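> Here is a sequence together with a model predicted from it:
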Amino acid sequence: MKILVTGGAGFIGSAVVRLAIARGHEIVNLDALTYAACLDNVAEVADSPLYAFEQADIRDRAALDRVLDTHKPDAIMHLAAESHVDRSIDGPGDFIETNITGTYQLLEAARAYWTAQGKPDSFRFHHISTDEVFGSLGPTGMFTEETPYDPRSPYSASKAASDHLVRAWAETYGLPVVLTNCSNNYGPYHFPEKLIPVVILNALADKALPIYGDGSNIRDWLYVEDHADALLCVLEKGALNRSYNIGGENERTNLELVKTICAILDEKRPRAEGSYADLITFVTDRPGHDARYAIDANRIISELGWKPSVTVEEGLARTVQWYLDNEDWWRALQARDGVGQRLGVDKK
Ligand SMILES: NC(=O)c1ccc[n+]([C@@H]2O[C@H](COP(=O)([O-])OP(=O)(O)OC[C@H]3O[C@@H](n4cnc5c(N)ncnc54)[C@H](O)[C@@H]3O)[C@@H](O)[C@H]2O)c1
């Protein structure tokens, strides 16, 4: 299959690009190369005859038309987005423009292209979204595909809006779509402003390991390569106009997660004295910090036969090792604007 992947120079998009090419798909990677992008993430496939790169912004309709007309993909996997909740608190405008307006432009370009192709049933617009659109859970319960939307940050609200647009384009214009909502990802090439890389890299620099609030917020962690596998599974086998929740069944409090990372580092790269856990420091909470996310992934497991391949302990061990082995990659990104600074503090 020839797939146009938007956001393929980012964290999850690049995992999709690498896996899809390993499985013999042809990939066109469309990315604007924002602060969050890194073409090194796809260096291992860059010379493949199956790979093409187009630097373009999803808000630029003319560029989208040109890329679709040039490459004539069988499917679009839409991952390009502004993705950092803390940045969305400081500057929501970019999130509205890329995640909502950009998705609208991409839907319109896809609709025109699909129509010009004779509206093939086999075409797919796969919209990649987050479990954060469902809001925050109490101590029990899980998000299913039927959970009402209740986004609470500018990031999750913009993603929720984009999900609604995709469903509307399916209902109104018949565009063949599939949607996925996934829990928190982690793994290699995770941009060094997100919790797990921050913890690994601060620990290696013997700096404080910042934990928002009391560390009791719960997330359901999924290894990024398992997410990429789930996305290709949904693209190939998912039912038309259906949405699938994707999760790792790996609920951890942030404090548990950070302590696990510290224990792995204590083994792999022991500190001169004491444990890395001694560096844990509680800092002011993120405003509107959702208490708990948990995914009921039963639909994708039972209908499509997907399941995660690694436990969070195995995935974290691989991730820590990857950061130990790839210092050149993360050092270059740490110099980018805003990385290493506390963003998204209370604005009320
Ligand atoms: N990271 C997670 O845990 C997670 C979980 C569930 C869903 N998601 C969703 O998965 C997708 C990818 O997330 P990620 O963590 O890889 O994000 P990321 O920030 O690492 O990468 C986003 C990519 O999109 C590109 N991009 C941004 N604005 C663009 C624009 N206007 N035009 C073209 N390209 C643009 C960036 O250059 C970057 O390469 C997002 O849609 C996100 O909402 C993420």
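That came in fine, so what should we check first? Numbers count the residues shown, from 1 in each chain.

> I'd guessed E225 sits against Y186; true?
No: with contact defined as CB atoms under 8 Å, E225 does not reach Y186; the gap is 10.5 Å. For every residue, glycine as well, the C-beta is placed using N, CA and C.

> neighbour-wise, which of those two wins?
Set side by side, E225 and Y186 show more neighbours around Y186, with 25 against 21, by other CB atoms under 10 Å.

> That one and H227 touch, don't they?
No: counting by CB under 8 Å, Y186 does not reach H227; the two are 9.7 Å apart.

> and the longest helix along the chain, what does it pack onto?
Longest helix in the chain, counting residues (DSSP state H): helix 154-173. Judged by 3 or more CB pairs under 8 Å, 6 or more residues apart in numbering; DSSP states H and E, helix 154-173 is in contact with helix 85-90, helix 92-95, helix 103-116, strand 124-130, strand 177-182.

> could I get these as a markdown table with distance to R318?
Listed next are the helices and strands packed on helix 154-173 as a markdown table, based on distance: least, CB to CB, whole Å:
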| stretch | distance to R318 |
| --- | --- |
| helix 85-90 | 25 |
| helix 92-95 | 31 |
| helix 103-116 | 32 |
| strand 124-130 | 22 |
| strand 177-182 | 19 |
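
> Could you export whichever strand or helix holds T260 as CSV, CA atoms only?
T260 is part of helix 254-268 when elements are defined by DSSP states H and E. Taking C-alpha atoms only, helix 254-268 is exported to CSV below (Å, rounded to 0.1, in the frame of the first residue of the first chain):
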residue,chain,number,x,y,z
ASN,A,254,3.5,9.0,37.6
LEU,A,255,5.5,8.3,40.8
GLU,A,256,5.5,4.6,40.2
LEU,A,257,6.7,5.2,36.6
VAL,A,258,9.5,7.5,37.6
LYS,A,259,10.6,5.0,40.4
THR,A,260,10.7,2.2,37.8
ILE,A,261,12.9,4.3,35.5
CYS,A,262,15.2,5.1,38.4
ALA,A,263,15.5,1.4,39.3
ILE,A,264,16.4,0.5,35.7
LEU,A,265,19.0,3.3,35.6
ASP,A,266,20.4,2.1,39.0
GLU,A,267,21.1,-1.2,37.3
LYS,A,268,22.4,0.0,33.9
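
> tell me the mean pLDDT over that helix?
The average pLDDT for helix 254-268 rounds to 97.

> Likewise for stretch 232-243?
98.

> That stretch vs the ligand: in contact?
No: residues of stretch 232-243 are not located near the ligand by CB under 6 Å from any ligand atom, the shortest gap being 12.8 Å.

> What's the end-to-end length of that stretch?
Across stretch 232-243, the terminal residues are separated by 14 Å (CA to CA, to the nearest Å).

> Same question for stretch 286-306.
34 Å.

> Now for the protein, the helix or strand with the poorest mean pLDDT.
Lowest on mean pLDDT, DSSP states H and E among the helices and strands of the chain sits helix 85-90, with a mean of 90.

> Quick one: residues in contact with that helix.
82, 94-95, 132, 153-156, 158, 193, 286-287, 338, 343-345, 347 (CB atoms under 8 Å, 6 or more residues apart in numbering).

> So which of those reach the ligand?
Answer for the contacts of helix 85-90 near the ligand (CB under 6 Å from any ligand atom): E82.

> close enough to count as contact, G24 and S48?
No: the criterion here is CB under 8 Å, and G24 misses it with S48 at 10.3 Å.

> higher neighbour count, those two?
Using other CB under 10 Å as the criterion, G24 and S48 rank with S48 on top: 15 against 8.

> Three-state assignment for the more buried one, please.
Following DSSP: H, G, I helix; E, B strand; the rest coil, the label given to S48 is coil.

> Flag the shaky bits of the chain, pLDDT-wise.
Residues of the chain that meet the criterion pLDDT under 70 lie in 342, 347-348.

> can you list the residues of the chain near the ligand?
Residues of the chain that fall close to the ligand, judged by CB under 6 Å from any ligand atom: 6-7, 9-13, 31-34, 36-37, 57-59, 79-83, 98, 102, 128-130, 159, 182, 184-185, 191.

> So how do I select the buried members of these in ChimeraX?
Selection of the buried residues among the residues of the chain next to the ligand in ChimeraX, burial being defined by 16 or more other CB atoms under 10 Å:
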select :6,7,9,10,11,12,13,31,32,34,36,37,57,58,59,79,80,81,82,83,98,102,128,129,130,159,182,184,185,191
